[in-house]
Structures are given as structure tokens and as C-alpha cells.
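>>> Below are the sequence and a predicted model for it; my questions follow.
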Amino acid sequence: MEKSEKIANDIISRRGIYYQAFGIYKEISGFYDYGPIGLRIRRNIENTWRRFFLGELNALEVETTLILPEIVLKASGHLATFTDPIIDCTVCKASHRADKLLEEFYEKKGDTKAFSAVKRMKIPELEKEISSSGVKCPKCGSKLSKIESFNLMFKTQIGPGSSENGYLRPETAQGIFVDFKNLFRVYGLRLPVCISQAGKVFRNEISPRQQLSRMREFGQMETELFFDPGAELEEFNGIWFDTFAKAEITFMESNSDEARERRIGELLDLGIIPNRHLALLIYLEDKLMAKMGLSKETYRFRQVEKEELPHYSQGNIDLEAKTEYGWMEVAGNASRSDFDLSQHAKLSGEELGVVLDGKRILPHVAEASIGIDRLLLAILHNSAVDGSERGWSYLKLNENISPYHFAIFPLQKDEKLMDKAREVYSLLNERNLSSYYSETGGIGKRYARADEIGVLSCITIDYQTLEDDTVTIRDRDTTKQIRKKIGEIF
Ligand code: GAP
């Protein structure tokens, strides 16, 4: 049997779900375009997050700018610290990410201990390790340069001939922090409250690779939960602490390489999950993965080591999913404390605290930051089914993620059947049931093409339809067909 990831990759490329951008010119790695099917899947992922995650949290969603002035990123710490270690080849001049180079070296050797130690290394240790292990340029085998810090942000100039530096945003979160004061006042908010944003972010990755896993332009779905650090969370929008404390998640501690089922309450008691607000986000993220169609054994939560933490974080519990490239971080869940608000307050000179019972406090923040494209890759890699029995493989996407609920086919190219099929197509679209119409190719071929991209059901219009208004509905997973009146489809 073929592996799910391999089948998925084949479907991704044959059906143009996504592909490298600028294809007719010289490709630049790290940039991908989505075709019509991929775009529908991607939008469905975003809408599933919106419905089930933001819905449960009663979150407010905003859309802030993609370009940020330098001062915002100075405050957020990105200007000074959003860097990766870069190393160049002294001969072919290719640039590489030093830590990834070393990780790949140890992975090839099968040295898992040395592999995980790389995450904790700073530039001087990386340099020592690269020189002592004899790692060379993977492109030409030559000697490597010294390691330097490389800032991942794309820089631009705001206005013609202007001295105002701007940057493409490296995370959607900063727009939320900058707008917090205004939103709090205008919307009469109370703590705790969630503000969310989905959109594109930009990182000038040193060595983009592995399809959608390390891109230079990608999507995030972020939620910032603002709370009073002095108030213990008992209930949030009808979700009780007792309920989520009892829930179990698949969890891997920082000092372990094995994941097992752990109660959220136990992880809180041990101080592994830093606070109840972050625990709530993790609880809902776990539920969200089921809505996305990921089964329990395909993802896990991982406690991030201290040395790996982003500059703003006091503790991270990341969500990782299985892909062709091993376990991959799909979401970063961070305890951001009051880091961002206090920094923005300092640099803007604005008061960003809120008054609670006559006292002014600076809210703390728990964040759930989900990467849309990595999640899409994980969903596709875990949903492909080997179709030796039916003759073709297919993506077993659930009803939230599938690009279309129905494919509508006239049995053959007969004007009467085609007219009726178009009528059914319009009826479904009017009722917001996503569908597409196709009349080309034999019916078996059309079933295969629909299954392949994960369409849930195919509706065929035949001569009996013209007599009694019934159609055949074929289920993707069982391939069973039933006959139904058109009015009973919806
Ligand atoms: N606001 C927090 C933040 O940005 P992050 O861990 O840097 O946290 C969140 O990013 C998520 O964005 C990651 O878990 C991952 O899914 C996605 N992501 C990060 N870098 C990426 C890249 N170069 N390509 C694709 N997705 C990426």
C-alpha cells in the first residue's frame, strides 16, 4: 500500500492544489500559489477555525494592516531579536540556516540526542559544533563561513523618498496589540476577552523547503486572549474550568521524547501549562483538530524548551502534526504575559492599561497562533487513502474541509439531462451547498476526479430523473449509491 503522504503529494501536484509561484520565470523558493481546489480547502480551514474556535471563545475578529512602521516592530522586539543563524558557503556563496544544517547532519547520522540538543544552541555553540563535526556546504561540499544573525523581516520604505522604514508583518498579532486600547474602548469590552485575526504574514526565511512548511509568505490564524493576571479563570463563555481541567490531550514534556495522554488539570498543577487561559486555548485547539479531520494519533502537544522560546514568551505549548517531514509545528501557543502591551505603552507613550474595580492593570495575554498552510499540509498528508480496491486514490476530507459537498453530473451529453443537472446545481448553490458541475468524460472518470479531491457525494442526473425527479447520490467513502427525490437532497 502506498503511504498517505505520497498519495497526497501526487494529488496535490496533478490537481494543482498548490504549486510553486512564478512558475514561468525562475522559481524563487518559499512562495506558493493555490489553485481553485486548494483555495477552497484553505478557506474551509479558515472558516472552520472561525466557526468552532472563535465561536466557542466569542472572539472578536479584526483585520489590520500588512505593513507596519518600524516603531511597532521595535516595540515588539522583532527588530532586535527576530533572527535566525545564517551561514554561507565560502565558495558557492549559498546561504544556509546553521541550526537546520546541523539538525539534518545529526538526523542523517541517526543521533537523536545530538539532534534535539541543537534547538538549545546559541550562535557560539552552533559555530563550535559545526566546525568540530565537519559539516560542509550541502550544495558543493566546501568550507562554511562564520555564523551571523539574520533578521527575517522584509523591509520596505513607506512613501516616496521617505525616511520612514516599514516592514511586512511577521505575525498578525502585533496589529491586535496596537489596536487593543481602541477596541477595548469602542466596543466596551471586559476582561477576559479574545481578539483574533487571520491573514498573510511574511518572513524572509533563509532556506525555505519542504513544500508549505517553511514559506516566505504564509497564513496565520491568531487569537489573543487578554486577561487579568490577578483573577483565576473559573468560566469563559460557558466553558467551565472543571470541564477543561478533566480533558486529556496527547502531550510530550520537554525532557521526554515520548507523548502520552495527560489531563490538562495535571499539566496546570505541575506548572507545565503556565496558566488556565492558555490551558483553555489548548483545550479548544485540541477539539478544533477533530473538526479539521485530524485523528488523535496524527497530532500532539509539545512543551517547548526554555532555550527555544520566542523572545515574547514565558512558556510555549506547541501543537505538532505528523507529515512526510516528521512531526511539524502547526501552532504556537504562548504565554505572552504583558510583554507586548507594556512595550507598546512604553514606545507610544500611551496608557494601555484598563481599569478594573477602580484599579488600573495591564492585561496579560495567552495566544494560540495556528499556521494555515502547515495545517493544510498536515490535513492533506493524513487524509489520503490508497484506492487499490476502487482503482484510484482519494482525499478523505471531512464535511468542514472538503472543497465541494457535491459534484453534479448529467449521465451523458444530452441537452435534456444537462439542463436538469444545471437546475440541480443552481438549487444547491442557492442553499449554500457547495457544488460543481461537470459533463466531460465517462461517468466513472468523473467519479474518480471528484473522489480524488475529496468531494463528499456525486449526484447523477439520468433519464429516470426526467420522469420522477429522482437522482442517484453516490457516497465517496462507501461508493454506495442511493436514489432520492431532488427535494430530499437538502
Ligand atoms: N504570533 C506567534 C507566532 O507567530 P510562530 O510560532 O512564529 O508564532 C505560528 O508562528 C505558526 O505559524 C507556526 O506554528 C506555523 O504553523 C506557522 N509558521 C511559522 N513560520 C512559518 C513558515 N516559514 N512557513 C509556514 N508556516 C509557518
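Received it, and whenever you're ready, just let me know what you need.
>>> mind checking how far the one helix or strand Ile317 maps to is from the chain centre?
Using DSSP states H and E, Ile317 maps to strand 317-323. Relative to the mean C-alpha coordinate of its chain, strand 317-323 is positioned 10 Å out (Cα atoms, centre = their mean, to the nearest Å).
>>> now for that strand, which elements pack on it?
helix 276-291, strand 299-303, strand 326-337, helix 372-383 (3 or more Cβ pairs under 8 Å, 6 or more residues apart in numbering; DSSP states H and E). The way it works is simple: take the backbone N, C-alpha and C, and place the C-beta from them, glycine included.
>>> Can you pull out the low-pLDDT segments for the chain?
1-2 (pLDDT under 70).
>>> Residues of the stretch 351-490 of the chain that sit close to the ligand?
Within the stretch 351-490 of the chain, the residues that sit near the ligand (Cβ under 6 Å from any ligand atom) are Glu367, Ser369, Gly371, Asp373, Arg374.
>>> These: which two are farthest apart?
Glu367 and Asp373 (18.6 Å; Cβ to Cβ).
>>> if you count what's nearby, which of those two comes out ahead?
Set Glu367 next to Asp373 and count neighbours by other Cβ atoms under 10 Å: Glu367 wins out with 25 against 22.
>>> ok, the residue in the chain positioned nearest to the ligand - contacts?
Scanning the chain for proximity to the ligand using Cβ to the nearest ligand atom identifies Gly371 as nearest, at 2.0 Å. Shown in contact with Gly371 (Cβ atoms under 8 Å, 6 or more residues apart in numbering): Phe218, Gly219, Gln220, Glu329, Val330, Ala331.
>>> rerun that using 7 Å as the cut-off
Gly371 makes contact with Phe218, Gln220, Val330, Ala331 under the criterion Cβ atoms under 7 Å, 6 or more residues apart in numbering.
>>> partners of it in the sheet?
Applying DSSP bridges to Gly371 yields these beta-bridge partners: Gln220.
>>> what does the strand holding Ile317 rub up against?
5, 273, 278, 282, 285, 294, 298-304, 327-333, 377-378, 381-382.
>>> Show me which of those are buried.
5, 273, 278, 282, 285, 294, 298-304, 327-328, 330-333, 377-378, 381-382 (16 or more other Cβ atoms under 10 Å).
>>> Strands along the stretch 351-490 of the chain, start to end?
354-356, 359-361, 364-371, 384-385, 394-395, 406-410, 435-437, 457-461, 470-475, 481-485 (DSSP state E, counting those that start in this stretch).
>>> Output those strands as a markdown table; include the columns distance to Ala450.
Shown next, in a markdown table, are the strands of the stretch 351-490 of the chain (distance: least, Cβ to Cβ, whole Å):
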| stretch | distance to Ala450 |
| --- | --- |
| strand 354-356 | 52 |
| strand 359-361 | 55 |
| strand 364-371 | 29 |
| strand 384-385 | 14 |
| strand 394-395 | 9 |
| strand 406-410 | 4 |
| strand 435-437 | 8 |
| strand 457-461 | 5 |
| strand 470-475 | 9 |
| strand 481-485 | 13 |
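>>> For the stretch 201-350 of the chain, what lies in contact range of the ligand?
Arg203, Glu205, Arg214, Met215, Phe218, Gln220, Glu222, Glu329, Val330, Ala331, Gly332.
>>> which residue sits closest to the fifth one, ignoring its sequence neighbours?
With Cβ to Cβ, 6 or more residues apart in numbering as the criterion, Phe218 has its nearest non-adjacent residue at 4.7 Å, and that residue is Asp373.
>>> Pull stretch 178-193 out as PDB, backbone CA atoms only.
The C-alpha coordinates for stretch 178-193 follow below in PDB (Å, rounded to 0.1, in the frame of the first residue of the first chain):
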ATOM      1  CA  VAL A 178      -1.600  48.100  18.700                       C
ATOM      2  CA  ASP A 179      -5.400  48.300  18.300                       C
ATOM      3  CA  PHE A 180      -6.200  46.900  21.800                       C
ATOM      4  CA  LYS A 181      -6.800  50.200  23.500                       C
ATOM      5  CA  ASN A 182      -9.200  51.500  20.800                       C
ATOM      6  CA  LEU A 183     -11.100  48.200  20.500                       C
ATOM      7  CA  PHE A 184     -11.500  48.000  24.300                       C
ATOM      8  CA  ARG A 185     -13.000  51.500  24.500                       C
ATOM      9  CA  VAL A 186     -15.100  51.500  21.300                       C
ATOM     10  CA  TYR A 187     -16.600  48.100  21.900                       C
ATOM     11  CA  GLY A 188     -17.000  48.500  25.700                       C
ATOM     12  CA  LEU A 189     -15.000  45.300  26.300                       C
ATOM     13  CA  ARG A 190     -14.400  43.500  29.600                       C
ATOM     14  CA  LEU A 191     -11.700  41.100  30.600                       C
ATOM     15  CA  PRO A 192     -11.200  38.300  29.800                       C
ATOM     16  CA  VAL A 193     -11.700  38.800  26.000                       C
END
